[in-house]
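Asks: Here's a sequence, model it:
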Amino acid sequence: MAKDKAIALSAAEGIAPSIHVAPSPHLSSTSTSTRQMMLDVLIALAPVVGMAIYVFQMYAVRQLVICVSTCLLAEAAFTRMRGKSLTLWDFSAAVTGVILALSLPGTAPWFVGVIASIIAIGIGKIIFGGLGMNIFNPAMVGRAFVMISFATFLGASGYQDVTSAVDAITQATPMDTFKQGGGVASISALFWGLTNGSLGETSAPACLIGGIYLCIRRTASWEIPAGVIGAAVVIGGIANLLQPGSEWTVLHHLLGGSLLFGAFFIATDPASSPLTPKGKLIFGIGVGAFIMLLRIFSGYPEGVMFAVLLMNGITPLINRWTIPRPLGAK
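Replies: Next up is the predicted model:
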């Protein structure tokens, strides 16, 4: 009866019921809808967006407008092509647009954001059946496509701490500078986000405030960011022990690039991450481990995007490995 009532209420609100296949007991709650979860994510992203606008100014505003508007238009177009009713009211397309914009540099040409948004919605989401059916994080699918297709528009060279939007867009990212020439950014610049990079590579406080809010609201599972950060600390610590003379420390790895942003806002996507608490912890550890392995051993300075996509592909196996014991089973 409770399940039927939840489905009826969701239908009355215009919200498709969320169905999770797992052993009993099954507890349902009508207080949390897809719309409310997406609103929570947008609220949590507000500090990151605010810091991005503070550092990159109109470059950030332009990229956000391009990606969000294109994602909304693409969502409307693709759902109509499938003969479905519009789903813009659930705010999932808006969330994809904001996360995608924050994963791109502010100086990327307008067509990069447009193409990334169309790919994110069309191939990353709709082609799998729509909201909740996607295997991979849609925003990362879009970013991966433009990263491979337009690599020259997503990089820069030469690093220094920045004090203005002009400095922020003309200097290289700290990760690029360290990988290419061994230059080390200051901890304070990385902590506050006063460096060049993607819009989401902002201050650690902004990411932590938004991420903790998501965990408190239980919109995001704390096991995933805990696994990401824990794996990064362990592997980064081992790397420092093996190379005690290196100026790039564990703190540089945690605060540099988009590790914190990815841990709280990208890896925690409920549709493309595991279902069980144990599976989520394994997923987070895997993401953190892949990030560090890519940063240390590959020629690529970052690693969040590829790490999340790789672990998204393993999520079905993790769900199978971590099936909980049914209630009353021996």
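Asks: Next, the buried residues of stretch 321-328.
Replies: Judged by neighbour count (16 or more other Cβ atoms under 10 Å), stretch 321-328 contains these buried residues: residue 322. (C-beta placed from N, C-alpha, C; glycine too.)
Asks: now stretch 36-48
Replies: Applying 16+ other Cβ under 10 Å to stretch 36-48 flags 37-41, 44-45, 47-48 as buried.
Asks: before we move on, what about stretch 193-204?
Replies: Buried residues in stretch 193-204 (16+ other Cβ under 10 Å): 193-204.
Asks: What is the nearest of those residues to residue 286?
Replies: Closest approach between the buried residues of stretch 193-204 and residue 286, by Cβ to Cβ: residue 200, at 21.0 Å.
Asks: hmm, which two among the buried residues of stretch 193-204 are most spread apart?
Replies: 196 and 204 (16.2 Å).
Asks: ok, so of the buried residues of stretch 193-204, who is nearest residue 312?
Replies: residue 200 (18.3 Å).
Asks: Relative to residue 89, how far out is that closest one?
Replies: For residue 200, the distance to residue 89 (Cβ to Cβ, to the nearest Å) stands at 25 Å.
Asks: again with residue 106
Replies: Distance from residue 106 to residue 89, by Cβ to Cβ: 29 Å.
Asks: Among these two, which residue is more densely surrounded?
Replies: More crowded of residue 106 and residue 89, by other Cβ atoms under 10 Å: residue 106, with 24 against 14.
Asks: Do I have it right that the more buried one meets residue 66?
Replies: No. With contact defined as Cβ atoms under 8 Å, residue 106 does not reach residue 66; the gap is 10.7 Å.
Asks: So which residue is smack in the middle of the chain?
Replies: residue 266 (1.7 Å; Cα atoms, centre = their mean).
Asks: Where does the prediction get shaky in the stretch 1-150 of the chain?
Replies: 1-32 (pLDDT under 70).
Asks: Just the strands from it, written as ranges.
Replies: Here the stretch 1-150 of the chain has no strands by DSSP state E, counting those that start in this stretch.
Asks: so residue 102 makes contact with residue 193?
Replies: No. The criterion here is Cβ under 8 Å, and residue 102 misses it with residue 193 at 11.6 Å.
Asks: Please point out which parts of the helix or strand containing residue 238 sit buried.
Replies: Element membership for residue 238, per DSSP states H and E: helix 223-242. By 16+ other Cβ under 10 Å, the buried positions in helix 223-242 come out as 223-229, 231-233, 235-236, 239-240.
Asks: and of those, the nearest to residue 121?
Replies: residue 224 (23.4 Å).
Asks: Now for the closest one: which residues touch it?
Replies: Counting by Cβ atoms under 8 Å, 6 or more residues apart in numbering, residue 224 touches 263, 267-268, 273, 280-281, 283-284, 287.
Asks: Give me the buried entries from those residues.
Replies: 263, 267-268, 273, 280-281, 283-284, 287.
Asks: Turn those residues into a markdown table, columns for secondary structure, pLDDT and distance to residue 112.
Replies: Compiled in a markdown table, these are given as follows (DSSP: H, G, I helix; E, B strand; the rest coil; pLDDT from 0 to 100; distance: Cβ to Cβ, whole Å):
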| residue | secondary structure | pLDDT | distance to residue 112 |
| --- | --- | --- | --- |
| 263 | helix | 95 | 25 |
| 267 | coil | 94 | 23 |
| 268 | coil | 94 | 25 |
| 273 | coil | 92 | 27 |
| 280 | helix | 96 | 32 |
| 281 | helix | 96 | 35 |
| 283 | helix | 96 | 29 |
| 284 | helix | 96 | 29 |
| 287 | helix | 96 | 25 |
